[in-house]
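Asks: Curious how this folds, go ahead:
(chains A, B, C and D)
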2 protein chains.
Amino acid sequence: MAMTLKELGRLAGVHPSTVARVLNDDPQQRVSEEVRGRILALAREHGYQPNHLARSLRTKRSFVIGTAIPDIANPFFAILFRGIEDALAASRYSVILANTDDEPAREQGSIDMLRGRQVDGLLIATARREDPTIEALVATGFPFVLVNRHTDPIPPNAVVPDDYAGAVAAVEHLIGLGHRRIAHISGSDEMSTGHTRRGGYLDTIRRHHLPADPDMTVRGNFREPGGYQGMRQLLDLPQRPTAVFAVNDLAAVGAIRAIEEAGLQVPRDISIIGFNDLSAAIGAARLLTTVRLPLHNMGKAAAAHLLAQITCDTVAREPVVIPVELVVRQSTGPAPA
Amino acid sequence: MAMTLKELGRLAGVHPSTVARVLNDDPQQRVSEEVRGRILALAREHGYQPNHLARSLRTKRSFVIGTAIPDIANPFFAILFRGIEDALAASRYSVILANTDDEPAREQGSIDMLRGRQVDGLLIATARREDPTIEALVATGFPFVLVNRHTDPIPPNAVVPDDYAGAVAAVEHLIGLGHRRIAHISGSDEMSTGHTRRGGYLDTIRRHHLPADPDMTVRGNFREPGGYQGMRQLLDLPQRPTAVFAVNDLAAVGAIRAIEEAGLQVPRDISIIGFNDLSAAIGAARLLTTVRLPLHNMGKAAAAHLLAQITCDTVAREPVVIPVELVVRQSTGPAPA
DNA sequence: CTGAAAGCGCTTACAG
DNA sequence: CTGAAAGCGCTTACAG
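Replies: Sure thing, here's the model as predicted:
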C-alpha cells in the first residue's frame, strides 16, 4: 500500500492539504518551519512518492509524451529515440513508445491509444507525405511534432534532416570525382525523406547535364535487402553506373554486398555513398562515405520543439531543418578510366 | 476539449453511469437496446476516448509497464525491447522506457520515477549480480521481472539466456575443431551474463584438460571497442591463442577488426565465436559463428512472465531460462597445424 | 433497467 | 499559517 497525502496528514496531525503545500513547496503560502519539518521527515521516512495519475488528472498535465516510431529495432530509430528520451527525461517527462511497422492503420491506432492515455503531446516519426491520420490530428489542435519525415507541404511543427542539401552534396561529391553515370537507389516516394533525396539527386544530375536515364533510378526501401536488390538491378544494366547514391546507409551496405558478390570492388569499380552515417552503430558502414545526420541531436531537437509548443502554448512558425554534412571515407573514389 | 462520460450522458439524456455501463459492456447489468444504441452512436460521433488516467486512478490498474534498459541505442536492447513492446501491446499494455547507461544511481532513479507513475509492474534489464536497488524492490513486494541479467542467486522472477550452456557449446565447438589454446574476451563479472559465460568457458577448458592460463582471459565490456582492445592484448601474448570465445557478438566484431588490422586472417589464423547472433542487425556479424539467442522471444517471454504475475497475482516458482543454439558460420575453422 | 453517490489521490481557490 | 471543500473523469456497489 503506497503512502498517500491523506495518510501522511493523519500521521503528522495536519490536514492533507497542508502536506501537499509543503511537499509541493507552494510559493504562495508559507508553512511554519515546525510543521514543515515534521512533514518532510515523515515523507522521507515512508518514502512517499506522489501518485502521478491523481496529479495528472487534477492538473490536466501528464508529463508523458507519446512517440510513434516505425520500428525501434531499426538502429536509425533507436538512436533517434534515444535523443528524444534524453531530452524528455531532462525535463521530467516520460515517454510511451508505439511501433507501427509503417502500417497506416497502426499509426492511427497508436495515436488514438496515446491520446487516450492523456499524453501531453506526440512525437511522430511515421508520417507519410499524404497522411490522413496526421491531417485529422492537425484539425484537433493537439500538440505534436513530426520528426525525420514530414507531410507535404512541410508544416512548421516538423524537425527534419536537410534531405535536399544532403542529396545534392552526395551527388556533387561523385561528380567531383569524375563520375558521369551516377545511379540512385531510392527509398519510398511516399516518405518525404525518400522523395526529397531523389529530387536532390535528379536536380543535380540535370544541372550538370549528365545523362538522366530513368534506368539509373531504382527503387529500394530504406533497408539493407532493398539496397542489395536495387544494386543487382543496376549491375544487370547494359551500361552499369560507376557510382551510386543510396538513400541511406543500410541501402548502401546492401549495395556493397551485391557489388562484392558480383566480383567487383568498391570503390575501384563502383563508388557508393550513403546517407545518415550510422557507422557508429553498424560496423558494416564503418568505411562508408556518407552524408552525416546528427541523429541523436535531431531527436533532442524534436523533443525540445514539442516541449516549447506545450509549455509556451505557442505554435512554431518555422520547421527545423537539421544541417547535414558530407563525410568522405573509403567507399567513393575516382571514376574508372 | 475531450469528450467525457458526463457530457455524453447530458447529450443522451441519461446518467453518466449508464453511459459507463454501455461503453464498458458491463456484463452484470443489461441496458435497454434503445438507450445502448443512442449512446453508442453518440460516442462514435464524438470520437469518445475514455480517460485512462481517471480509470487507472479508480481501478488501481494503469495498464502501463515500466522498463529499465541500459541503452536503447544498443541494438541488443533495441531488439529485446521490441519483443517486450510487442507482447505488451497485444495485451493492451503500454510501456514507459528509461535508459540508465548502466549507472546504479540512474537505475534507482528510474525505478522510483516509474513507480511514481503507477506502472503495474517493472521489466528490468539493468540488474547487476549484487544490486541493492533490486534487493530493496523485492522487499516491497512490487511485481517485476529481471530480463537478460539476473541478481545472484537467480530468483524465480527472471527470464535469462542459458549463458552457461551457450558458453560450453561455444568452447566445445572450438575444441572439436582441434583448438587447444582458446582464449576468452569477457564482459563484466558484475553482470550475470559476463560471469556465467566466463564460468562456462573455464569449466569446459578444465574439463578437457586444456591449459587454463590466466592470460587467456582478458576483460572486455560487451561492446565493440572492448573486444578490439581485448584482442590486441591477446595478440601481444608470447604465445597467442588460436581461437577466441567472445562474450558477445559486438566484442567478437571488435576482435576480428583487431586481428585483421594485425595482418592476420579469420579463421585461418584465429577462430572467433560470439554470443547472441545479432547478424540480422549488425552487418559485420553476418558471417560470425555464434551462439544464437532468440532475443525478440526473450523479450516477449519476459513480458508474459510479468503479466502472469500481475494478473494472476501469483509469484513465479521458477526462472525462465531461454535455450540457445550454436550457429556455425565462417569465423571458426580448424586449428592451424 | 437506470439513477445517485462515493471515492481513487491529488491540487488549489476560498475561508478564517 | 492551516483547514475544509470542490473537482479532475472515471468505476462500481447500492437502491429502487
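Asks: all strands for the stretch 51-200 of chain A, in order.
Replies: Here the stretch 51-200 of chain A has its strands, by DSSP state E, counting those that start in this stretch, at A:64-69, A:94-99, A:121-124, A:144-147, A:158-161, A:182-186.
Asks: can you pull the contacts of residue A:316?
Replies: A:145, A:156, A:157, A:305, A:308, A:309 (C-beta atoms under 8 Å, 6 or more residues apart in numbering or on different chains). From N, CA and C alone the C-beta is placed, and that goes for glycine too.
Asks: okay, now the fifth one: neighbour count?
Replies: The local packing of residue A:308 (other C-beta atoms under 10 Å in any protein chain shown) involves 15 other residues.
Asks: can you tell me the helix or strand for it?
Replies: helix A:295-312 (DSSP states H and E).
Asks: what about residue A:244, which SS state?
Replies: strand (DSSP: H, G, I helix; E, B strand; the rest coil).
Asks: residue contacts, the residue nearest to residue A:199 when sequence neighbours are not counted?
Replies: Using C-beta to C-beta, 6 or more residues apart in numbering or on different chains and skipping residues adjacent in sequence, the residue nearest residue A:199 is residue A:164, 6.6 Å away. Taking C-beta under 8 Å, 6+ apart as the contact definition, residue A:164 lies against A:196, A:197, A:199, A:200.
Asks: Next: residue A:283.
Replies: Listed by C-beta under 8 Å, 6+ apart, the contact set of residue A:283 reads B:224, B:253, B:257, B:282, B:283, B:284, B:285.
Asks: Looking at the residues you listed, spot the one nearest DNA strand D.
Replies: Of all the contacts of residue A:283, residue B:282 has the smallest distance to DNA strand D: 44.4 Å, by C-beta to the nearest atom of the strand.
Asks: Turn the contacts of residue A:283 into JSON lines, columns for pLDDT, secondary structure and distance to DNA strand C.
Replies: Formatted as JSON lines, the contacts of residue A:283 follow (pLDDT from 0 to 100; DSSP: H, G, I helix; E, B strand; the rest coil; distance: C-beta to the nearest atom of the strand, whole Å):
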{"residue": "B:224", "pLDDT": "89", "secondary structure": "helix", "distance to DNA strand C": "45"}
{"residue": "B:253", "pLDDT": "93", "secondary structure": "helix", "distance to DNA strand C": "48"}
{"residue": "B:257", "pLDDT": "92", "secondary structure": "helix", "distance to DNA strand C": "52"}
{"residue": "B:282", "pLDDT": "74", "secondary structure": "coil", "distance to DNA strand C": "45"}
{"residue": "B:283", "pLDDT": "71", "secondary structure": "helix", "distance to DNA strand C": "49"}
{"residue": "B:284", "pLDDT": "73", "secondary structure": "helix", "distance to DNA strand C": "50"}
{"residue": "B:285", "pLDDT": "78", "secondary structure": "helix", "distance to DNA strand C": "48"}
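Asks: Let me have those residues in JSON lines, extended by distance to residue A:179.
Replies: Output for the contacts of residue A:283, formatted as JSON lines (distance: C-beta to C-beta, whole Å):
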{"residue": "B:224", "distance to residue A:179": "32"}
{"residue": "B:253", "distance to residue A:179": "31"}
{"residue": "B:257", "distance to residue A:179": "30"}
{"residue": "B:282", "distance to residue A:179": "30"}
{"residue": "B:283", "distance to residue A:179": "25"}
{"residue": "B:284", "distance to residue A:179": "27"}
{"residue": "B:285", "distance to residue A:179": "32"}
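Asks: Columns distance to DNA strand D on top of those residues, output as TSV?
Replies: Formatted as TSV, the contacts of residue A:283 follow (distance: C-beta to the nearest atom of the strand, whole Å):
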residue	distance to DNA strand D
B:224	49
B:253	50
B:257	56
B:282	44
B:283	48
B:284	50
B:285	47
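Asks: With respect to DNA strand D, which of the strands of the stretch 51-200 of chain A lies nearest?
Replies: For the strands of the stretch 51-200 of chain A, the distance to DNA strand D is smallest for strand A:64-69, at 15.6 Å, taking C-beta to the nearest atom of the strand.
Asks: strand partners of the closest one, parallel vs antiparallel please.
Replies: Strand A:64-69 pairs in its sheet with strand A:94-99 (parallel), strand A:121-124 (parallel), by DSSP bridges.
Asks: I'd like the distance from the last one to the chain centre, please.
Replies: I take that to be strand A:121-124. Centroid separation between strand A:121-124 and its chain, computed with C-alpha atoms, centre = their mean, to the nearest Å, is 11 Å.
Asks: Tell me, what's the model's pLDDT at the residue nearest to residue A:325 when sequence neighbours are not counted?
Replies: Distances taken as C-beta to C-beta, 6+ apart place residue A:292 nearest to residue A:325, at 4.8 Å, with adjacent residues excluded. Residue A:292 is assigned a pLDDT of 98 by the prediction.
Asks: Buried ones in stretch A:229-238, by neighbour count?
Replies: Residues of stretch A:229-238 classed as buried under the neighbour-count rule (16 or more other C-beta atoms under 10 Å in any protein chain shown) are A:229, A:230, A:231, A:232, A:233, A:234, A:235.
Asks: and what of stretch A:326-335?
Replies: Across stretch A:326-335, burial judged by 16+ other C-beta under 10 Å covers A:326, A:329, A:331, A:332, A:333, A:335.
Asks: Around chain B, pick out the residues from the stretch 101-250 of chain A.
Replies: By C-beta under 8 Å from any C-beta of the partner chain, the part of the stretch 101-250 of chain A that sits against chain B consists of A:112, A:113, A:115, A:116, A:117, A:118, A:224.
Asks: hmm, 10 Å instead?
Replies: By the rule C-beta under 10 Å from any C-beta of the partner chain, the part of the stretch 101-250 of chain A lying against chain B is A:106, A:109-110, A:112-119, A:136, A:140, A:142, A:224, A:249-250.
Asks: Identify those among those that sit within helices.
Replies: Those of those mapping onto helices are A:106, A:109-110, A:112-116, A:136, A:140, A:224, A:249-250, per DSSP state H.
Asks: Lowest-confidence entry in these?
Replies: The member of those with the lowest pLDDT is residue A:224, at 89.
Asks: any idea how far residue B:158 is from the closest residue in space to that residue that isn't next to it in sequence?
Replies: Nearest in space to residue A:224, with sequence neighbours left out and distances taken as C-beta to C-beta, 6+ apart, is residue A:254 at 4.1 Å. Distance from residue A:254 to residue B:158, counting by C-beta to C-beta, to the nearest Å: 38 Å.
Asks: How about residue A:300?
Replies: 34 Å.
Asks: if you count what's nearby, which of the two comes out ahead?
Replies: Taking other C-beta under 10 Å, residue A:300 and residue B:158 do not tie; residue B:158 has more neighbours (24 against 21).
Asks: Show the contacting residues for the more buried one.
Replies: The contact partners of residue B:158, by C-beta atoms under 10 Å, 6 or more residues apart in numbering or on different chains, come to B:124, B:127, B:144-151, B:192, B:302, B:305, B:316, B:318-321.
Asks: Also residue A:240?
Replies: Shown in contact with residue A:240 (C-beta under 10 Å, 6+ apart): A:181, A:183, A:215, A:216, A:231, A:233, A:234, A:259, A:262, A:264, A:269, A:270.
Asks: residues contacting the fifth one?
Replies: For residue A:231, the contacting residues are A:183, A:185, A:218, A:220, A:240-241, A:244, A:246, A:251-252, A:254-259, A:261-262, A:270, A:272, taking C-beta under 10 Å, 6+ apart as the criterion.
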